[in-house]
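Novice: Sequence unavailable; structure follows:
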């Protein structure tokens, strides 16, 4: 059975140089009081970042399946400003700010309407199957050049 376009998972969209990814807070995301558990913001960031990179031209699944490598989080700097609660709709805003040969730095924010709840700066490194850093696929680096105003460093 073929999947209709309307049946495909939500991947977010680009607007004004940022990737916008909407999530709803489910019960599984919260503690007993209905507040999002702090580590789950990293999961929201991961989903948004993966779809942003895919829309920008990085087929991460194909690269992993071909045993060429994949991304791992090398650094994460998060600041929690306000809680998110069960049932709320959140927007994850992601902006690629730096592209290096073996890594990308991405600024991400969790917004509820016009309130910033969490902000983070994450560096994802491209690693081979041996876990060591390696150069990202050339096509990805080229696709990311200048993307969202990202600075390229060699």
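Specialist: Cool, got the structure. From a predicted model like this one, the values you see are computed outputs, not experimental measurements.

Novice: Output the longest strand belonging to the protein.
Specialist: strand 115-127 (DSSP state E).

Novice: list the helices and strands that one packs on?
Specialist: helix 40-55, strand 70-80, strand 103-112 (3 or more C-beta pairs under 8 Å, 6 or more residues apart in numbering; DSSP states H and E). (Glycine included, C-beta is placed from N, CA and C.)

Novice: Now residue 11. Nearest residue, chain neighbours left out?
Specialist: Distance criterion C-beta to C-beta, 6 or more residues apart in numbering; nearest residue to residue 11, sequence neighbours excluded, is residue 51 at 4.5 Å.

Novice: What of residue 13?
Specialist: Nearest to residue 13 is residue 20, by C-beta to C-beta, 6+ apart, at 5.7 Å.

Novice: host element of that neighbour?
Specialist: Per DSSP states H and E, residue 20 falls inside strand 18-24.

Novice: Check which residues of that strand are buried.
Specialist: 18-21, 23 (16 or more other C-beta atoms under 10 Å).

Novice: Check the average confidence over that strand, would you?
Specialist: Averaged over strand 18-24, pLDDT sits at 95.

Novice: Can you tell me what sits against it?
Specialist: Strand 18-24 is contacted by residues 10-14, 44, 47-48, 51-52, 55, 87-95, 148 when judged by C-beta atoms under 8 Å, 6 or more residues apart in numbering.

Novice: Tell me who's in contact with the residue nearest to residue 11.
Specialist: By C-beta under 8 Å, 6+ apart, the contact set of residue 51 is 11-12, 19, 21.

Novice: in the sheet, who's paired with the residue nearest to residue 79 when sequence neighbours are not counted?
Specialist: Counting by C-beta to C-beta, 6+ apart, residue 79 lies nearest to residue 119, which is 5.2 Å off, once chain neighbours are set aside. Residue 119 has these beta-bridge partners by DSSP bridges: residue 79, residue 109.

Novice: measure the residue nearest to residue 11 to residue 85 for me?
Specialist: Separation of residue 51 from residue 85 (C-beta to C-beta, to the nearest Å): 24 Å.

Novice: next one: residue 23
Specialist: 13 Å.

Novice: got it, and residue 56?
Specialist: In terms of C-beta to C-beta, residue 56 sits 31 Å off from residue 85.

Novice: Could you tell me the angle between the longest strand of the chain and strand 103-112?
Specialist: Here strand 115-127 points in a direction 160 degrees away from that of strand 103-112 (axes from the mean of the first three to the mean of the last three C-alpha atoms, to 10 degrees).
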